[in-house]
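1. Sequence and computational prediction follow.
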Amino acid sequence: MDRDQAKMQVGQAAARYVEDGMVIGLGTGSTATHAIVAIGKRIQEQGLRIRGVPTSKSAEFEARRNGIPLCTLHDVDGLLDLSIDGADEVSPELDLIKGRGAAHTLEKLIASQSDRFIIVVDESKMVDQLGKTVPVPVEVIPEAAHVRMRDFQSMGYKAELRLGLRKDGPVVTDHGLWIIDVECGAISNLNWLNNTLHQLPGILDHGLFLGYATEVLIGTESGVEIRNLT
């Protein structure tokens, strides 16, 4: 099974967690999109009545294309029943790095407002320590970018402003802000880095998701492996 097949399989498995009447968070990224497609198919074939809260303009586009009725957190009393999203890295403790799609701020908000937060990945995203393979994305106001990059470099990290692939200049998030990718290497003290980033002025949020995931569905050669928060 190649990676695309694994993503499709795990996305379809996550869609089976959705039940009639639920309000669910809809994640951003290629694997989460497979779940959105599978949920849309269940709506068409089974008459499933649900509402989705998208985590980005991209997720909103995919949900509308697949016939999923949408709402916002303003329309929901209490917690969402569940959210389904991808991740860039997953640790043995089910901590995450997210944000390659530059949607991590809203993704984290929706995760925090979800009774269950189901992560869908292929097995290449599983690591023994966060930070080994991907940087930590940090969303900043443009005026803070230079100052914060200087801070990260003084901490011993490599920090780069994320640039657009098909446009001149930086990537601009759905909130109109910029992304700094901070290469930390294997992160030995996640709580320290999490707290430090939250305390620096000009940062909206970052891609460390500590203690949010309740289940991780992993697409492997032998099928879908499920890891639960214990």
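-> Looks like it came in fine.

2. For the helix ranked longest in the chain, name the packing helices and strands.
-> Looking across the chain with DSSP state H, the single longest helix is helix 30-46. With contacts taken as 3 or more CB pairs under 8 Å, 6 or more residues apart in numbering; DSSP states H and E, helix 30-46 sits against helix 3-15, strand 23-26, helix 57-65, strand 82-85, strand 117-122. From N, CA and C alone the C-beta is placed, and that goes for glycine too.

3. go again using 7 Å as the cut-off
-> helix 3-15, helix 57-65, strand 82-85, strand 117-122 (3 or more CB pairs under 7 Å, 6 or more residues apart in numbering; DSSP states H and E).

4. Just the buried residues of the first one, please?
-> Residues of helix 3-15 classed as buried under the neighbour-count rule (16 or more other CB atoms under 10 Å) are Ala6, Lys7, Met8, Gln9, Val10, Gly11, Gln12, Ala13, Ala14, Ala15.

5. what does the second one give?
-> Of all the residues in helix 57-65, those buried under the rule 16+ other CB under 10 Å are Ser58, Ala59, Glu60, Glu62, Ala63.

6. And the residues you listed, which is closest to Ile141?
-> The closest of the buried residues of helix 57-65 to Ile141 turns out to be Ser58 (CB to CB; 21.9 Å).

7. For Gln129, see how far away the closest one is.
-> Distance, Ser58 to Gln129, using CB to CB, to the nearest Å: 29 Å.

8. And Ile119, by the same measure?
-> Where Gln129 is concerned, Ile119 sits at a distance of 17 Å (CB to CB).

9. more crowded one of those two?
-> Ile119 (29 against 15; other CB atoms under 10 Å).

10. Where does pLDDT dip in this protein?
-> 1, 230 (pLDDT under 70).

11. quick one: the strands in it?
-> Counting by DSSP state E, the chain has strands at residues 23-26, 51-54, 82-85, 89-90, 96-97, 117-122, 136-140, 158-161, 178-183, 203-206, 208-209, 215-220, 223-228.

12. so how many other residues sit close to Gly29?
-> Other residues close to Gly29 by other CB under 10 Å number 25.

13. swap that for Ile24, sorry
-> Neighbour tally, Ile24, other CB under 10 Å: 26.

14. which residue sits closest to Asp115 in space, ignoring its chain neighbours?
-> Closest residue in space to Asp115, ignoring its immediate chain neighbours: Leu79 at 4.6 Å, by CB to CB, 6 or more residues apart in numbering.

15. and if you look at Ser91?
-> Leu130 (5.1 Å).

16. so how far is Ala87 from the one you found?
-> Distance from Leu130 to Ala87, by CB to CB: 10 Å.

17. Show me which of these two is the more surrounded one.
-> Counted by other CB under 10 Å, Leu130 and Ala87 do not tie: Ala87 has more neighbours, with 29 against 26.

18. and that one, what does it touch?
-> Leu96, Ile97, Lys98, Ile119, Val121, Lys125 (CB atoms under 7 Å, 6 or more residues apart in numbering).

19. Is the residue nearest to it when sequence neighbours are not counted bridged to anything, and to what?
-> Leaving aside its chain neighbours, Ala87 sits nearest to Leu96 (4.4 Å; criterion: CB to CB, 6+ apart). Residues in a beta bridge with Leu96, per DSSP bridges, are Val90, Phe209.

20. Appreciated, that's everything.
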